[in-house]
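Asks: Any chance you could fold what I've pasted below:
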Amino acid sequence: MGSQVSRREFLKTTTGALVTAGTVARTRPAAAAGELVIVGWGGAHEESLKKAVYDPFTAATGIKIKQVSATNQLALLKAQVQNNSPEWDIIQPGSAWLWRGAQDGLYEKLDAGVVNRTEMYGPALHSHGIAFEVYAVDIAYNTKRFPTGSHPKSWADLWDLKRFPGRRTGPGWTPRDNFEAAVMAAGVAPAKVYPIDAKLAFAKLADIKPQMTWWQSGAQFAQLFSDEEVQLGYGWGARVVVLAREGKPLAVELNNAILDQTFYAVSKISKNKEAAMKFITFASQTKPQAKRPLLYPHGPTNRAAWGQLDAKTKRDVVNYDLPGVLLRNPEWWMDNEAPLLEQWKKFLAA
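Replies: Just a heads-up that it's a prediction; the model follows:
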């Protein structure tokens, strides 16, 4: 297939994974002339994009944006391409889905010069997509129980049940994130995490398993902290930051954060490819990228946008250049997740 991308090329251009199973929230017909259909993840995530990116884009170009939501975007896009039945113009794949979709010929190769490459962080650039946000799995904590400054500042701290007692939570639906956190807790430096030592990860996770409540969705992760059923844990940090902005006694620790990205990619069968490329150019510029973290705590992929954020905002969002962070390796998980998932299920059941 002419649009296929090698694994080596993918790893040079991006990393991370956002593999989320689910069902369609709502779908709509293909875009009319002068309109782009963008499929996203719904909720506050999409509301913030509408305010920071979509509405300003329409004001600047006259091209309307129609938002739809779906969690199983890759499978639905594949069906659209196979049936030559376009419904979406722009998709929001995570790194793993960008890689898979490029391999399967589901995305249009981006126009040369669609973004100013020097303005973007390197991992955000891929031949079939441009990352518009970087986010993380962070250490989260209750600030009443552990005031900031006296909280766990590393994965090793989070694993220290004596210094930091209390109920914890972590993702139960996947070994991902758990494995990275566990081996870093065992002393493996972020740069040495991959390939992951699975035996070490399972052994380290066994140490905290008795104190763990395993979450199955981002909403449950946030609810466990909101209801104070747990005092410590790890998961999508933006969920906790949103609660903290609402006044909940919560905070996140960005040290050793496990980074991931979300991309904009253009459907291979979009009938509005020129407008879609214009949108990606606009969405990658400094102004919309700097506004978005004020509305939703995901970091920008434009270097200048990060520089425009004030110190308070930077405390809530991650950045590629933060010391001690880990950028996810999607290829390793592509090769290993299926067998490890079976072992993971047995580990939880034991």
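Asks: from here on, contacts and neighbour counts on C-alpha atoms
Replies: Will do.
Asks: so where's the longest helix in this protein?
Replies: helix 330-349 (DSSP state H).
Asks: buried stuff in that helix?
Replies: Buried positions in helix 330-349, judged by neighbour count with 16 or more other Cα atoms under 10 Å: 330-331, 333, 337, 340, 344.
Asks: what pLDDT does Glu337 get?
Replies: On the pLDDT scale, Glu337 is placed at 84.
Asks: and it, what is it in contact with?
Replies: 175-176 (Cα atoms under 8 Å, 6 or more residues apart in numbering).
Asks: got it, and the one 10 residues further on?
Replies: Shown here is Phe347, whose contacts under the criterion Cα under 8 Å, 6+ apart are Phe202.
Asks: what do you get for Gly34?
Replies: Contacts of Gly34 (Cα under 8 Å, 6+ apart): 62-64, 275.
Asks: Is it possible to get TSV of those that adds secondary structure and neighbour count?
Replies: Shown next, in TSV, are the contacts of Gly34 (DSSP: H, G, I helix; E, B strand; the rest coil; neighbours: other Cα atoms under 10 Å):
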residue	secondary structure	neighbour count
Gly62	coil	12
Ile63	coil	19
Lys64	strand	18
Ala275	helix	17
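Asks: Between those residues, which sits nearest Pro297?
Replies: Lys64 (25.3 Å; Cα to Cα).
Asks: Tell me, how many residues neighbour the closest residue to that closest one other than its chain neighbours?
Replies: Excluding the flanking residues, the one nearest Lys64 by Cα to Cα, 6 or more residues apart in numbering is Glu35, at 4.5 Å. Using other Cα atoms under 10 Å, Glu35 has 18 neighbouring residues.
Asks: you'd agree Glu35 is up against Ile63?
Replies: Yes - using Cα atoms under 8 Å, Glu35 is in contact with Ile63, at 5.3 Å.
Asks: Could I get the average pLDDT for the helix or strand harbouring Glu46?
Replies: Element membership for Glu46 (DSSP states H and E) is helix 43-49. Averaging pLDDT along helix 43-49 yields 94.
Asks: Which neighbouring elements make contact with it?
Replies: helix 286-295 (3 or more Cα pairs under 8 Å, 6 or more residues apart in numbering; DSSP states H and E).
Asks: Which parts of this structure belong to which domain?
Replies: Domain assignment of the chain by automatic domain parsing yields the ranges 7-134+260-325, 135-259+329-349.
Asks: worst average pLDDT in these?
Replies: domain 7-134+260-325 (a mean of 88).
Asks: Pull out the buried positions in the longest strand along the chain.
Replies: When the chain is parsed with DSSP state E, its longest strand is strand 250-266. The neighbour-count check on strand 250-266 (16+ other Cα under 10 Å) flags 250-266 as buried.
Asks: That one to helix 330-349, inter-axis angle?
Replies: Angle, strand 250-266 to helix 330-349, by axes from the mean of the first three to the mean of the last three Cα atoms, to 10 degrees: 130 degrees.
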